[in-house]
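Colleague: Below: sequence and its predicted model.
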Amino acid sequence: MELTAIILADGSFPVHEIPLGYLRNAEHIICCDGSAKSLLETGIVPEAIVGDLDSLSDEIAEKYSDRLYQDDNQDTNDLTKAVSWCINKGLKEIVILGATGKREDHTLGNISLLAEYAKKIEVIMVTDTGIFSPHLKNCTIPSFAGQQVSVFSINPDTQITSSGLKYKLDSLKLHNWWRGTLNEASGDSFDLNFTGGPLIVFQKFRDKE
C-alpha cells in the first residue's frame, strides 16, 4: 500500500480503532491545514500540510515550513486541495479520515465530494462508525450478513437495482437522500446495478461483541 495516502481533514479527530489503524500504518499522511495541530499532538508528523494555511499557528508554520503547500484558491475547499496534491504526486489511492463531525454542512459537502474524487483516483472515507465509498458503475461490494448499509444517489434520476440487500431496490430512483438508507446486507456481498450515477455507499462497522 505504499501508494496509498491518508488525508486527515479538519473534522472530528478519529477515535475508533479502524480509522486510527489506517493512521498508524500509513506510508503517506497529508493534512488539511486545520488538522495539523491535532495530528502533531499524537506525535505523528505529516508528509505535507495543504490548504490556504490560515488555520496554522505561527509556531507550526515555522517549524514545518519545509512541508507547507499553500493553495489560495477560494473556489474549492482544503480537502479538495489535499486530494489534488495527492493526484499531482502520483499517488493512486486515498483514504480520507476526519472529514465528518464538528459542522454538519462541512460533513455533507465532504461526503458528496467523494463522487468527484472517484473520477480521478481510488478513494474511500473512513469515519468512526463506518466507511463511505463512491461507485461510478455497477459493482459488487464485500460485506457481512447483517451489516447496516445505506445508498445515496448524487443524481436523483439514477435507477438502482440491488441484490443481496434485505430490502431490494428494484429500478428505484432515490429522489431524496433518506430513501436508500437503513438497509442491511444479507450475506458476504451485495450487488448494485444502476444507470447514470454516481452512488455513494455507507457501510457500518461490525458492532463489538
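Modeller: Ah, there it is. Numbering: from 1, shown residues only.
Colleague: could you show me where the strands are in the chain, in order?
Modeller: In the chain, the strands defined using DSSP state E lie at 4-8, 28-32, 48-51, 68-70, 93-97, 122-126, 130-135, 139-142, 148-153, 159-163, 172-173, 183-184, 189-195, 199-204.
Colleague: Which residues does the longest one contact?
Modeller: Same thing as strand 189-195. Contacts with strand 189-195, where a contact means CB atoms under 8 Å, 6 or more residues apart in numbering, come from 135, 138-143, 149, 151, 153, 158-165, 169, 199, 201. Heads up, the C-betas are built off the backbone N, CA and C, glycines and all.
Colleague: tell me which residues in it are buried?
Modeller: For strand 189-195, the neighbour count (16 or more other CB atoms under 10 Å) marks Phe190, Leu192, Phe194 as buried.
Colleague: how many other residues sit next to Ser35?
Modeller: 27 (other CB atoms under 10 Å).
Colleague: same question, Phe202
Modeller: Phe202: 20 neighbours (other CB under 10 Å).
Colleague: Okay, the residue nearest to it when sequence neighbours are not counted and Ala185: tell me how far apart.
Modeller: Closest residue to Phe202 apart from its sequence neighbours, by CB to CB, 6 or more residues apart in numbering: Ser150 at 4.4 Å. Separation of Ser150 from Ala185 (CB to CB, to the nearest Å) stands at 11 Å.
Colleague: Whichever of the contacts of strand 189-195 end up buried, select them in ChimeraX.
Modeller: Buried residues within these, by 16+ other CB under 10 Å, are selected in ChimeraX with:
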select :135,139,141,143,149,151,153,158,159,160,162,164,165,169,199,201
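Colleague: Write down the beta-bridge partners of His193, one by one.
Modeller: For residue 193 the amino acid is Asn, not His. Applying DSSP bridges to Asn193 yields these beta-bridge partners: Thr161.
Colleague: mind starting the numbering at 28 from now?
Modeller: In the new numbering, first residue 28, that becomes Asn220.
Colleague: Relative to Lys164, how far out is it?
Modeller: 9 Å.
Colleague: re the thing from before, can you lay out the buried residues of strand 216-222 as JSON lines showing distance to Trp205?
Modeller: Output for the buried residues of strand 216-222, formatted as JSON lines (distance: CB to CB, whole Å):
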{"residue": "Phe217", "distance to Trp205": "19"}
{"residue": "Leu219", "distance to Trp205": "18"}
{"residue": "Phe221", "distance to Trp205": "18"}
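Colleague: Domain map for this protein?
Modeller: Domains of the chain are assigned by automatic domain parsing as 31-155, 161-231.
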